[in-house]
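Asks: could you look at this predicted model? Sequence included:
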Amino acid sequence: MPLPSNIRAVMSRSALATILFAGLGVTSSSAWAVHMPKVPELSASALEPFTQSDKQVWDAVVMLPDGRAVLEAPIWVGNTGPQLSVRQTDGSFAPYPDAAWNAEQGDPSQRIVSTAGMTLLADGTLWVLDSGVPNHKADAVAPAKLIQIDTKQNKVVRVLPIEASALHKESIVSGVAVHGNTAYVADSGVAGVLVIDLPSASARRFLDRHPAISATRPITTPTGPVTTADGHLLAIDSSMIAVSPDGKWIVLQPPGGYLSRVETTIFTDPDVTPAAMEESVTQWYKTPSLGGMTMGPDGTLYWSDISTGSILSYTIGRIPRRLITDPRLKWPATPGLDASGHLYVPAAQLNHTAAFQNGKASVEWPVTVYKLTLPTTPPPT
């Protein structure tokens, strides 16, 4: 988550181009695997509106087993109102888990200050990441934290502050994945991965400023690279992260970067050397600019491609698929899966929000979450 986390002009167009061309000679061959097909498999009829808003920009959705949807409306892009909402099966909305946790004022340890990602576990636990940074051009106003919600009871059962020792002053946590008793959190303010032991709440930082998860490429939409108000290219460090169903691997990347894979045992190996840690990151696929990703229970990755308005997938066997390309998918963001073969994708239009438009939003209302019926057939040969 979601996409993004900080918005920074890190270099000029010419400087960035120099870095990109210089890096072409050192790209890992493992990243090439199979090229992404150019022709989508599904027609426009496979994509239908699921829900809409005329006042909030949603950048992530989680589908609960009972058919409800939890929607994230991050404050940093200019949203007002609840940062987490639940869409009931009758189509009505309510703050989630309740109004108090979505209050704009009050004890920051007892409310969502700046939602920055969420992940649902098989037992119905929803982990919500709060960066504590409601304005990504300013410092944090509250400590970062993880919020554990029991979606069956619709109540917060634990608040876990993230240790400040694992963060930098410029850190903006922005993506969370959980397996067993471990949470993996991406830092998009200063590239890195936080590994958090949930029972003890202890956090350790790894891959600090690692080039594979740092912003070195522009974020590109169908109309071209996204820039700041002064014309500089935007860059966001690692903000998307997922963990494999068996817990053996994490995958992560910046929105404009490439997908990297890391074996999780490296984080608990007492004998690992700094050099081995640096070399543990494998470039796993040369993705386009992404607005979000999620991993299915079989390990398949689903990507929202903002450069072409497409939904892509990537199997554990490293087979890429272009599922659909559709002009309605304007900056598709973090998708969510249900148990019936559907993917739910917010067309977030983030590049038209106030955060990307020097305070003057140009969002085309309503913002729509689309429901995509996934193919049941194997990829074309």
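Replies: Perfect, I can see it now. All figures in this text were calculated on a predicted structure; none of them were measured in a lab.
Asks: now the helices for the protein?
Replies: 13-23, 274-279 (DSSP state H).
Asks: mean pLDDT lowest for which of those helices?
Replies: Out of the helices of the chain, helix 13-23 stands lowest, with a mean of 35 (criterion: mean pLDDT).
Asks: how many residues are close by Arg209?
Replies: Using other Cβ atoms under 10 Å, Arg209 has 12 other residues around it. From N, CA and C alone the C-beta is placed, and that goes for glycine too.
Asks: ok, now how distant is the residue nearest to it when sequence neighbours are not counted from Gly78?
Replies: Closest residue to Arg209 apart from its sequence neighbours, by Cβ to Cβ, 6 or more residues apart in numbering: Ala191 at 5.3 Å. For Ala191, the distance to Gly78 (Cβ to Cβ, to the nearest Å) stands at 25 Å.
Asks: which of the two has more neighbours?
Replies: Higher neighbour count among Ala191 and Gly78: Ala191, with 24 against 18, using other Cβ under 10 Å.
Asks: hmm, that one is touching Asp208, no?
Replies: Yes: the pair Ala191 / Asp208 is scored as a contact, 7.4 Å apart, by Cβ atoms under 8 Å.
Asks: contacting residues for Lys169?
Replies: Lys169 sits next to Asp139 when contact means Cβ atoms under 8 Å, 6 or more residues apart in numbering.
Asks: ok, it to Gln56 distance?
Replies: Counting by Cβ to Cβ, the gap from Lys169 to Gln56 is 30 Å.
Asks: same deal with Gly247?
Replies: 34 Å.
Asks: and Val86, by the same measure?
Replies: Taking Cβ to Cβ as the measure, Val86 falls 13 Å from Gln56.
Asks: same check on Gly117?
Replies: Going from Gly117 to Gln56 by Cβ to Cβ gives 17 Å.
Asks: neighbour count winner among these two?
Replies: Higher neighbour count among Gly117 and Gln56: Gly117, with 30 against 24, using other Cβ under 10 Å.
Asks: hey, what's that one bridged with?
Replies: Beta-bridge pairing of Gly117 under DSSP bridges involves Leu129.
Asks: need the strands for the stretch 101-250 of the chain, in chain order.
Replies: Remark: strands assigned in the stretch 101-250 of the chain by DSSP state E, counting those that start in this stretch are 115-120, 125-130, 145-150, 155-161, 173-179, 182-187, 192-197, 202-206, 220-221, 224-225, 234-235, 240-243, 249-253.
Asks: same question for the stretch 251-381 of the chain.
Replies: In the stretch 251-381 of the chain, the segments counted as strands under DSSP E, counting those that start in this stretch are 259-263, 282-285, 290-295, 301-305, 310-314, 320-325, 336-337, 342-347, 367-373.
Asks: name the stretch among those strands that sits most buried.
Replies: Stretch with highest mean neighbour count among these: strand 290-295 (a mean of 27; mean count of other Cβ atoms under 10 Å).
Asks: run the angle between that one and strand 173-179 for me.
Replies: Counting by axes from the mean of the first three to the mean of the last three Cα atoms, to 10 degrees, strand 290-295 lies at 10 degrees to strand 173-179.
Asks: count the neighbours of Gln253 for me.
Replies: Here the count is done by other Cβ under 10 Å, and Gln253 has 27 residues near it.
Asks: so who does it touch?
Replies: Applying Cβ under 8 Å, 6+ apart to Gln253 gives the contacts 213, 238, 240, 259-260, 287, 290.
Asks: separation between the residue in the chain sticking out farthest from the centre and Arg205?
Replies: Distance from the C-alpha centroid of the chain peaks at Asp271, with 31.4 Å (Cα atoms, centre = their mean). According to Cβ to Cβ, Asp271 stands 19 Å off from Arg205.
Asks: Thr300 now?
Replies: For Thr300, the distance to Arg205 - Cβ to Cβ - is 29 Å.
Asks: likewise Val178?
Replies: Taken as Cβ to Cβ, the span from Val178 to Arg205 is 17 Å.
Asks: count of residues packed around the residue nearest to Ile75 when sequence neighbours are not counted?
Replies: Once flanking residues are discounted, Ile75 sits nearest to Pro134: 4.7 Å by Cβ to Cβ, 6+ apart. Pro134: 20 surrounding residues under other Cβ under 10 Å.
Asks: just the pLDDT for Pro134.
Replies: 97.
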